[in-house]
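Participant: sharing a model that was predicted from the sequence below.
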Amino acid sequence: MWAKSKVLLVEDDNAVAKVVSLCLGQDNFEVSVLQRGDGVVTEVRQNPPDVILLDLILPGKDGISICREIRTFSTVPILMLTGKVEEDDRLTGLEAGADDYICKPFSPRELAARIKAVLRRKNPRVTEEILAAGPVTVRPESHTATVGNTFLKLTPNEFELLKILIAQPGNVFERDDLIAKICKSSPGPDRVIDAHIKNLRKKIAEIIPGHNFIRTVYGMGYSFSSPDSGCIMENESLDSVQL
């Protein structure tokens, strides 16, 4: 049985909030509900949840703005709840720092499965060796990643992606393989992985400007290039990397 995890549901539709709260409560989750967006950040700071279910359109403040603000101080998993099905809308949420999205209408069982999947990625149960290439180090057991002595603030999906890439420096991972590994509960479009890669590159470059450790292999996928491989593109800016 799953340990009781705290879920913060941000949903302005009272009927949806009641159904979701009831179903997740029966699945051993502790659910608290907010129906406006302007109090979410304060609530997360004062009572950190284990996972956030965040509606895209809310009174007071929209879900994208909330997600971006939370990501300035927390890596709590965020699942976007959205009635929009356009790919660009979903990618906007991922680029803002969301870990997953689920489109309305959805089944309570699917939602519970998504929550459990993202919590498993955040709290890996199997101890693994330290993974390192150059200044980048990943510690799967403690779920931390560093560049030199600086910690990377990564979402669970970003951490999982970096762990996969750095485990085999130089190996080319196809997009479909990465999607299958990262988006286990709900495989998405190829650009989902591209959005995560873009965020990873940006965060690493903020610590070591001018170095792009994640190499694009056009027509195939992505590869982590360690300094020893001679593949670091020191003169290539983030803006020049094609996704």
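Facilitator: On my side now, so go ahead. Numbers count the residues shown, from 1 in each chain.

Participant: domains of the chain?
Facilitator: What the record gives for the chain is the domain set 5-122, 131-240, from automatic domain parsing.

Participant: ranked by average pLDDT, which of the ones you listed falls at the bottom?
Facilitator: Confidence, taken as mean pLDDT, is least for domain 131-240 of the domains of the chain (a mean of 79).

Participant: so who does the residue minimising distance to the centre of the chain touch?
Facilitator: By Cα atoms, centre = their mean, the chain has its centre lying nearest to residue 99, at 3.1 Å. Going by Cβ atoms under 8 Å, 6 or more residues apart in numbering, residue 99 touches 77-79, 118, 121, 155-157. Yep, even glycine has a C-beta here, placed from its N, CA and C like the rest.

Participant: one more: residue 146?
Facilitator: 136-137, 152.

Participant: looking at this, it is in a helix?
Facilitator: No: assessed with DSSP: H, G, I helix; E, B strand; the rest coil, residue 146 is strand; it does not lie in a helix.

Participant: tell me the bridge partners for it.
Facilitator: Judged by DSSP bridges, the bridge partners of residue 146 are residue 137, residue 151.

Participant: I'd like the distance between it and residue 47.
Facilitator: Distance from residue 146 to residue 47, counting by Cβ to Cβ, to the nearest Å: 28 Å.

Participant: contacts only, for residue 195.
Facilitator: 91, 94-95.

Participant: give me the nearest residue to it, chain neighbours excluded.
Facilitator: residue 94 (4.4 Å; Cβ to Cβ, 6 or more residues apart in numbering).

Participant: how near is residue 121 to residue 65?
Facilitator: 25 Å.

Participant: of the two, who's got more company?
Facilitator: Ranked by neighbour count (other Cβ atoms under 10 Å), residue 121 and residue 65 place residue 121 first, with 21 against 16.

Participant: list the contacts for residue 222?
Facilitator: Per Cβ under 8 Å, 6+ apart, neighbours of residue 222: 165, 172-173, 175, 178, 193, 197, 214-216.

Participant: so what's the residue count around the closest residue to residue 50 other than its chain neighbours?
Facilitator: Spatial nearest neighbour of residue 50, excluding adjacent residues (Cβ to Cβ, 6+ apart): residue 5 at 4.1 Å. Number of residues near residue 5 (other Cβ under 10 Å) recorded here: 19.

Participant: OK, contacts around residue 5?
Facilitator: Contacts for residue 5 (Cβ under 8 Å, 6+ apart) come out as 29-30, 50-51, 115, 119.

Participant: now it: how far from residue 214?
Facilitator: Residue 5 is 31 Å from residue 214, by Cβ to Cβ.

Participant: what's the answer for residue 134, then?
Facilitator: Using Cβ to Cβ, residue 134 is found at 12 Å from residue 214.

Participant: biggest helix in the chain by residues?
Facilitator: Determined from DSSP state H, the single longest helix within the chain is helix 190-207.
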